[in-house]
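give me coordinates for this.
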Amino acid sequence: MYKYDGLVVHQSFDEEGVIEVVEKSGERALHFGSSARQSSMLISAPDRLHSLYARAMMALLLFQEQPRDVLMIGLGGGTIAKFMLRQFADCRLFVVEFRSSVLKVARSHFGLPFDPRLKIKIGCGAQHVSQQSRSYDSLYDLVMIDAYDHDGMAPEVSSELFFDNCRTLLKSHGMLAINLWGTQQDLFKQVSWNLGRVFDWRQVFLPVRNRGNIIAFAFGRDFPKPTYKTLADRAMRLEQRYQLEFPAYLLDIKRNNPRSIGRIVNK
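Okay, here's the model as predicted:
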């Protein structure tokens, strides 16, 4: 069967709807019943970050080169989780994914490994951070949020209360990264406002070139402010190491955040 201009190699259904894996021109993509890709992978290079938004999310390494304790809300095909495990030997990931069927597909079709550093909980990400924040604080140095269904971003992971719970779980020098849809303008404005209020406007945005995604980064109250020269030098080094476009990410962050960049970066 062909769909979305490609060959459907997997199709299953759960309470939330359809899950499809489609292959085209050497790429494998995860879909939730629409043409929008939830994850994508090069079949010939399954460990390389392929989708533009996933690559842009790793611009977080400009600010935090060695993430160790990471909370991820939303798994998708597991391509980002797989990259983190492969690149950072000391990284420990705790992932909350709403659909067990998505986890099964990430294992079977996208090569998500079984690794003692990777813990996965099936459930609602907003409920998890709410419950955990009542008993703990300062658990993670990085929170990554990428929670979408066929209709768009899950509203449970965009509220001010949700971000406040995430801040509780973050170490004071930690940071949060979230994948947003700039084309959903009203929701984007509301999420940006919620995020800014919680993190005292210590936030910057990275529009993903040639895509509707916008990656937002928010920073804890004790996050050390680097100089722009430090970031520029780091971007060159990171590009050589990971083969990702870090100098371009840094340029786009500077260009698109003229008012807020000074809260994050020293001249």
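
if you count residues, where's the longest strand of this structure?
Longest strand in the chain by number of residues (criterion: DSSP state E): strand 170-181.

return the distance of the helix or strand following that one from the chain's centre.
As assigned by DSSP states H and E, the chain's next helix or strand after strand 170-181 is helix 185-198. Distance of helix 185-198 from its chain centroid, counting by C-alpha atoms, centre = their mean, to the nearest Å, is 17 Å.

may I see the buried residues of the next helix-or-strand element following helix 185-198?
The first helix or strand that comes after helix 185-198 along the chain, using DSSP H and E, is strand 203-207. Of all the residues in strand 203-207, those buried under the rule 16 or more other C-beta atoms under 10 Å are 203-207. Backbone N, C-alpha and C define where each C-beta goes, glycine included.

one more: stretch 73-91?
For stretch 73-91, a neighbour-count test (16+ other C-beta under 10 Å) marks 73-85, 87-88, 91 as buried.

again with stretch 134-154
By 16+ other C-beta under 10 Å, the buried positions in stretch 134-154 come out as 139-149, 153-154.

so F83 makes contact with S51?
No - counting by C-beta atoms under 8 Å, no contact exists between F83 and S51, whose distance comes to 11.1 Å.

if we can go back for a sec, what packs against the longest strand of the chain?
Contact analysis of strand 170-181 by 3 or more C-beta pairs under 8 Å, 6 or more residues apart in numbering; DSSP states H and E lists helix 52-57, strand 140-145, strand 152-153, helix 160-169, helix 185-198, strand 213-219 as its packing neighbours.

in the stretch 1-150 of the chain, which spans are helices?
Remark: helices assigned in the stretch 1-150 of the chain by DSSP state H, counting those that start in this stretch are 52-57, 79-87, 100-110, 125-135.

out of the ones you listed, flag the one nearest R234.
Among the helices of the stretch 1-150 of the chain, the nearest to R234 by C-beta to C-beta is helix 79-87 (15.3 Å).

how far is that closest one from where the chain is centred?
Worked out by C-alpha atoms, centre = their mean, helix 79-87 lies 11 Å from the chain centre.

okay, the angle between that helix and strand 170-181?
Angle, helix 79-87 to strand 170-181, by axes from the mean of the first three to the mean of the last three C-alpha atoms, to 10 degrees: 140 degrees.

show me the contact partners of helix 79-87.
The contact list for helix 79-87 (C-beta atoms under 8 Å, 6 or more residues apart in numbering) reads 39-41, 46-47, 49-51, 54, 57-58, 67, 70, 72, 75, 91, 93, 95, 110-113, 115, 117-118, 144, 146, 242.

show the buried residues in those residues.
Buried by 16+ other C-beta under 10 Å: 39-41, 49-51, 54, 57-58, 67, 70, 72, 75, 91, 93, 95, 110, 112, 118, 144, 146, 242, out of these.

save the helices of the stretch 1-150 of the chain as TSV, and put in mean pLDDT too.
Shown next, in TSV, are those (pLDDT from 0 to 100):
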stretch	mean pLDDT
helix 52-57	96
helix 79-87	97
helix 100-110	98
helix 125-135	96
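
tabulate those helices (a markdown table), appending distance to L251.
Converted to a markdown table, these look like this (distance: least, C-beta to C-beta, whole Å):
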| stretch | distance to L251 |
| --- | --- |
| helix 52-57 | 13 |
| helix 79-87 | 23 |
| helix 100-110 | 31 |
| helix 125-135 | 32 |
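
which one of those lies nearest to S192?
Taking C-beta to C-beta, helix 52-57 is the member of the helices of the stretch 1-150 of the chain nearest to S192, at 16.7 Å.

let's have the helices and strands packed on strand 170-181 in JSON lines, adding distance to G125.
Output for the helices and strands packed on strand 170-181, formatted as JSON lines (distance: least, C-beta to C-beta, whole Å):
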{"stretch": "helix 52-57", "distance to G125": "16"}
{"stretch": "strand 140-145", "distance to G125": "7"}
{"stretch": "strand 152-153", "distance to G125": "12"}
{"stretch": "helix 160-169", "distance to G125": "8"}
{"stretch": "helix 185-198", "distance to G125": "14"}
{"stretch": "strand 213-219", "distance to G125": "16"}
